[in-house]
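[1] give me coordinates for this.
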Amino acid sequence: MFRNKRIIGMVMSFVLVLGLMIMPATVSLADGHETLTIVHVNDVHGRLEENDFDGTIGYPKMKTFLDGMKEENPNMLLLHAGDSFHGTIPANLTEGEVVVEVMNAMEFDAMVPGNHDFNFGYERLLELKAMSEFDILAANVVKEDGTMDFDPYMVYEMENGMRVGIFALATEETKTKSHPDNTRGVEFADIIETGNEAVEALEEMDADMIIALIHLGVDASSEDTAYKLADGVDGIDLIIDGHSHSIMGEGAGELRNGALIVQAGWYLNHVGVVNVEMMDGEPVFAAAVHPYEEFAEVEADEYISGIIAEATAPIEEMQMEVVGNTTVELDGVRENVRTGETNLGNLITDAMIVASGADVALTNGGGIRASIDAGEITLGEVLTSFPFTNVLTNIEVTGADLMAALEHGVKDYPEAAGHFPHVSGMSYTFDPNMEVGSRITELMIGDEPVDLEATYMLVTNDFLAAGGDGYTMFEGKEILAYSGLLSEVLEDYLRANPEVSPEVEGRIVALPMAEPPVEPEPTPEPEPEPAAMAYTVKPGDWLSKIGMAYGVDWRVLAEYNNLANPNLIFPGQIIMIPQ
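    Residues are numbered from 1 along each chain as shown. From the prediction side, this is the model:
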């Protein structure tokens, strides 16, 4: 059975540096015919099976696709650029274990942990690492005592002798884009310094090409990005990225400082493929992404389908239970919940107030992951809309804290942002034309204007209460009470209120964006009259004969020359012929 062989890890490279180990001879690449196929995915977020609603290809069909490619070239690496273990009901209820089982069966070679792979806690991530038959690499994840639980890099020797060096970098945004408790005692080292060290080490280990497997993304709002890494670290041949849910260069990748950067979208709606050919000792790349539509006729692999079915069978039965009913569709569309008020945002924050007894509620739009159709609401739909394992947390805040929180929440508007705040017990108006930090024009607590010096009991989720998603104004506040998971709170609310009809009711008002000044359109110059030729009528001429000679209809000639009777023209008369 084909399996890329790991030959050098952190410990072995340490032994190599000490000179205590003699590495086996490698196959020369001078003939320029060695090839390698690299298949990559990212930001799958626990999606295992095909789903035509969001264009998820699913691992069973992907496995069939891979097997076909391996028949053409057995030299293949299968890589995951992070955010794998969390995000769907099976993934969440098994805390990632079912995803590891499927990835093992898929024969992944390596992955880098994304910020959401920390969602079950750091210790659970280490447990998942121990279950994995693939490498989970992270060169910049370092504990406070300076030790590391992840190998920083690895060299893979292919069947044709190619030695492929891979190092991995996780995003420092994990500190705020997963619960802060999940990374307590863990630091994320500087990506440029770490990247240079990794490249130097892999070059000393005679890697023929170097891949950076990263979960950094290319969002302009992120400080550490794939672009920053490419610009700051020489010697990287290929950057396989995740985090920003992007397609780079329409699938062909983007070249930056000699490194090709690729991503494969999100939710396994694309499979990325990079074909490599060694030419005079240097890798030459041909990159592409294969979208969901290309897999329409691909048969699902029965073995992978069987693993998924066995792992999810008891969970599926639980999901079918009806817990309530809604007369309207509950809007959880990503672009909507990250930019404004929705009825699902109102429903969940109302449920938070009921469950906690707090004065006001605030939760982030990024925690709302899906809409719910009108009609019966199943437990599965609740869990899909609120998949994160966040619990309600009551804290005491001042009116000034609430104002600061809302200013932070709307700072990126009109861009969609996961920290956009949904509320209950309060309402606010903001002006996106104002400077960041001065956008909130009105904040009402109930029917009264906020008192900046007064204290209020706020219920939020424990992610935000710990300063997550940039809500640092809540960090360090005394915890007054904990309640259930967001999904449990909504489930309880629906059971107590069997039919709901939430509306968008003006809790959040964004003032109109100012229109840019309109430049007056220049007055067009009048078009000159077309030139005309003078023709002198000869004996025997008639109007249609003249028109045929010059390719002009006689009616046009009559109108152009204002002829009262087109049948009556005289020798010597001037007829103007338009050109």
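[2] all strands of the stretch 151-300 of the chain, in order?
    153-157, 163-169, 186-188, 209-214, 238-240, 254-256, 259-262, 270-279, 282-291 (DSSP state E, counting those that start in this stretch).
[3] revised request: answer the last question for the stretch 401-550 of the chain.
    Under DSSP E, counting those that start in this stretch, the stretch 401-550 of the chain gives strands at 421-424, 426-430, 440-445, 448-449, 455-461, 479-485, 499-500, 508-510, 532-536.
[4] worst average pLDDT in these?
    Lowest mean pLDDT of the strands of the stretch 401-550 of the chain: strand 479-485, a mean of 78.
[5] what comes up buried for it?
    483, 485 (16 or more other Cβ atoms under 10 Å). For the C-beta atoms, the positions are set from N, CA and C on the backbone; glycine is no exception.
[6] one more: stretch 379-398?
    Quick answer for stretch 379-398 (16+ other Cβ under 10 Å): 379-395, 397-398.
[7] quick check: which of the strands of the stretch 151-300 of the chain is nearest to A532?
    Closest approach to A532 among those (Cβ to Cβ): strand 254-256, 57.6 Å.
[8] ok, M513 - contacts?
    Residues near M513 by Cβ atoms under 8 Å, 6 or more residues apart in numbering: 414, 432-433.
[9] can I get the biggest helix by length in the chain in PDB? Just the C-alpha atoms.
    As assigned by DSSP state H, the longest helix anywhere in the chain is helix 302-319. Extracted in PDB, the C-alpha atoms of helix 302-319 (Å, rounded to 0.1, in the frame of the first residue of the first chain):
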ATOM      1  CA  GLU A 302     -17.600   2.800  -0.100                       C
ATOM      2  CA  TYR A 303     -15.000   2.300   2.600                       C
ATOM      3  CA  ILE A 304     -14.900   6.000   3.600                       C
ATOM      4  CA  SER A 305     -18.700   6.200   3.400                       C
ATOM      5  CA  GLY A 306     -18.900   3.200   5.700                       C
ATOM      6  CA  ILE A 307     -16.600   4.800   8.300                       C
ATOM      7  CA  ILE A 308     -18.700   8.000   8.300                       C
ATOM      8  CA  ALA A 309     -22.000   6.100   8.500                       C
ATOM      9  CA  GLU A 310     -20.800   4.000  11.500                       C
ATOM     10  CA  ALA A 311     -19.500   7.000  13.400                       C
ATOM     11  CA  THR A 312     -22.500   9.200  12.800                       C
ATOM     12  CA  ALA A 313     -25.400   6.700  13.100                       C
ATOM     13  CA  PRO A 314     -26.400   7.400  16.700                       C
ATOM     14  CA  ILE A 315     -25.900  11.100  16.200                       C
ATOM     15  CA  GLU A 316     -28.300  11.200  13.300                       C
ATOM     16  CA  GLU A 317     -31.200   9.700  15.300                       C
ATOM     17  CA  MET A 318     -30.700  12.400  18.000                       C
ATOM     18  CA  GLN A 319     -30.800  15.200  15.400                       C
END
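[10] counting contacts, what elements does that helix pack onto?
    The contact analysis (3 or more Cβ pairs under 8 Å, 6 or more residues apart in numbering; DSSP states H and E) places helix 302-319 against helix 59-72, helix 89-93, helix 97-106, helix 379-385.
[11] between that helix and helix 59-72, how many degrees?
    Counting by axes from the mean of the first three to the mean of the last three Cα atoms, to 10 degrees, helix 302-319 lies at 170 degrees to helix 59-72.
[12] mean confidence (pLDDT) on the helix or strand following helix 302-319, please.
    Per DSSP states H and E, the first helix or strand lying C-terminal to helix 302-319 is strand 322-326. Strand 322-326 shows a mean pLDDT of 97.
[13] related to what we said a few turns ago, may I see the PyMOL selection of the buried members of the contacts of M513?
    Buried residues within the contacts of M513, by 16+ other Cβ under 10 Å, are selected in PyMOL with:
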select buried, resi 432
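[14] and the contacts of M513, which is closest to N567?
    Nearest to N567 out of the contacts of M513 is P414 (Cβ to Cβ; 69.5 Å).
[15] most centrally placed residue in this structure?
    H245 (2.3 Å; Cα atoms, centre = their mean).
[16] mind checking how far that one is from P180?
    23 Å (Cβ to Cβ, to the nearest Å).
[17] now G375
    38 Å.
[18] who's more crowded, the two?
    Each of G375 and P180 has its neighbours counted (other Cβ atoms under 10 Å); P180 has more, 20 against 12.
[19] dump the residue contacts of that one.
    463, 466-468, 475.
[20] dump these into CSV; add distance to L93 as well.
    Formatted as CSV, the contacts of P180 follow (distance: Cβ to Cβ, whole Å):
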residue, distance to L93
F463, 19
A466, 23
G467, 27
G468, 22
E475, 29
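[21] filter those down to the ones in helices?
    Per DSSP H, these map to helices at F463.
[22] please indicate which of the contacts of P180 are buried?
    Buried, going by 16+ other Cβ under 10 Å: 463, 466-468, out of those.
[23] can I get those in CSV including pLDDT and distance to G114?
    Output for those, formatted as CSV (pLDDT from 0 to 100; distance: Cβ to Cβ, whole Å):
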residue, pLDDT, distance to G114
F463, 90, 16
A466, 87, 19
G467, 92, 20
G468, 90, 15
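[24] what's the farthest-apart pair in those?
    Largest separation among the buried ones among the contacts of P180 by Cβ to Cβ: F463 and G467, giving 8.9 Å.
[25] go through the strands of the stretch 151-300 of the chain and name the closest to Q319.
    Nearest to Q319, of the strands of the stretch 151-300 of the chain and by Cβ to Cβ, is strand 270-279 at 27.1 Å.
[26] mind checking the end-to-end distance for stretch 87-98?
    12 Å (Cα to Cα, to the nearest Å).
[27] and stretch 319-335, by the same measure?
    Rule used - Cα to Cα; the end-to-end distance of stretch 319-335 is 26 Å.
[28] report the buried residues of it.
    In stretch 319-335, counting by 16+ other Cβ under 10 Å, buried: 319, 323-324, 326, 330-332, 334.
[29] likewise for stretch 173-192?
    173-180, 182-183, 186, 188-189, 191.
[30] and that stretch, how far from the chain's centre?
    Distance, stretch centre to chain centre, for stretch 173-192: 19 Å (Cα atoms, centre = their mean, to the nearest Å).
[31] average pLDDT for that stretch, rounded please.
    91.
[32] for that stretch, list the C-alpha coordinates in CSV.
    Extracted in CSV, the C-alpha atoms of stretch 173-192 (Å, rounded to 0.1, in the frame of the first residue of the first chain):
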residue,chain,number,x,y,z
GLU,A,173,-5.2,34.9,15.8
THR,A,174,-6.0,31.7,17.6
LYS,A,175,-5.6,33.7,20.8
THR,A,176,-8.8,35.6,19.9
LYS,A,177,-10.5,33.4,17.3
SER,A,178,-10.7,30.4,19.5
HIS,A,179,-11.6,30.6,23.2
PRO,A,180,-8.6,32.3,25.0
ASP,A,181,-8.6,29.4,27.5
ASN,A,182,-7.7,27.0,24.7
THR,A,183,-4.3,28.6,24.3
ARG,A,184,-3.4,29.6,27.9
GLY,A,185,0.2,28.7,28.4
VAL,A,186,0.9,28.5,24.7
GLU,A,187,2.5,31.2,22.6
PHE,A,188,2.7,31.7,18.8
ALA,A,189,6.3,32.6,17.8
ASP,A,190,7.1,35.2,15.1
ILE,A,191,6.3,33.7,11.7
ILE,A,192,9.3,35.4,9.9
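[33] between the buried residues of stretch 319-335, which is nearest S305?
    The closest of the buried residues of stretch 319-335, once distances to S305 are taken by Cβ to Cβ, is Q319, at 18.4 Å.
[34] hang on, the closest one packs against V382?
    No - Q319 lies out of contact with V382 (Cβ atoms under 8 Å); the separation is 9.1 Å.
[35] find the residues that touch each one of those two.
    Joint contacts of Q319 and V382 (Cβ under 8 Å, 6+ apart) do not exist.
[36] this completes my enquiry, with thanks.
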